[in-house]
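*Asks:* Just the structure for this:
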Amino acid sequence: DRLAHHGALLWEVDGEPVATAAVSRTVADTVRVSLVYTPPELRGRGYAGAVTAAVSRAARTGGAERVLLFADLANPTSNALYQRIGYRPVEDHVRLTFTP
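*Replies:* The predicted model follows:
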């Protein structure tokens, strides 16, 4: 489905994949960025920031008014990156799981 609506991007350098990110279909003028990934041995080179900025920009150019990205608060590296490319924290969520 993501490929059908151009919602996935594979970033390459010299023909080698270095990062990926995806966006959902637009619903209520909003898309969600997800599946941001760079292999561990390639991290720290700006690839995740580049691919995230590219899918975010494409979503806005495509008509999305809001672009959401859920981030792990325990990861200061990714949180700093997302803020550098223009994302701003809105609110925190806590997930609780109860077992019988």
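*Asks:* For stretch 45-62, what is the distance to the chain centroid?
*Replies:* 8 Å (C-alpha atoms, centre = their mean, to the nearest Å).
*Asks:* buried residues in that stretch?
*Replies:* The neighbour-count check on stretch 45-62 (16 or more other C-beta atoms under 10 Å) flags 47-53, 55-56, 58-59 as buried. All C-beta atoms are positioned from the backbone trio N, CA, C, and that covers glycine.
*Asks:* which among those residues gets closest to T26?
*Replies:* T26 lies nearest to A59 out of these, by C-beta to C-beta, at 7.5 Å.
*Asks:* pull the CA atoms of stretch 27-35 into PDB?
*Replies:* The C-alpha trace of stretch 27-35 is given here as PDB (Å, rounded to 0.1, in the frame of the first residue of the first chain):
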ATOM      1  CA  VAL A  27      -6.300  11.400   6.400                       C
ATOM      2  CA  ALA A  28      -8.000  14.700   7.600                       C
ATOM      3  CA  ASP A  29      -5.100  16.600   6.000                       C
ATOM      4  CA  THR A  30      -2.600  14.700   8.200                       C
ATOM      5  CA  VAL A  31       0.100  12.100   7.500                       C
ATOM      6  CA  ARG A  32       2.300  10.100   9.900                       C
ATOM      7  CA  VAL A  33       6.000   9.500   9.300                       C
ATOM      8  CA  SER A  34       7.100   6.000  10.400                       C
ATOM      9  CA  LEU A  35       9.600   3.300   9.700                       C
END
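*Asks:* May I see the buried residues of that stretch?
*Replies:* Buried, per 16+ other C-beta under 10 Å, within stretch 27-35: 31-34.
*Asks:* same deal with stretch 61-75?
*Replies:* 64, 67-69.
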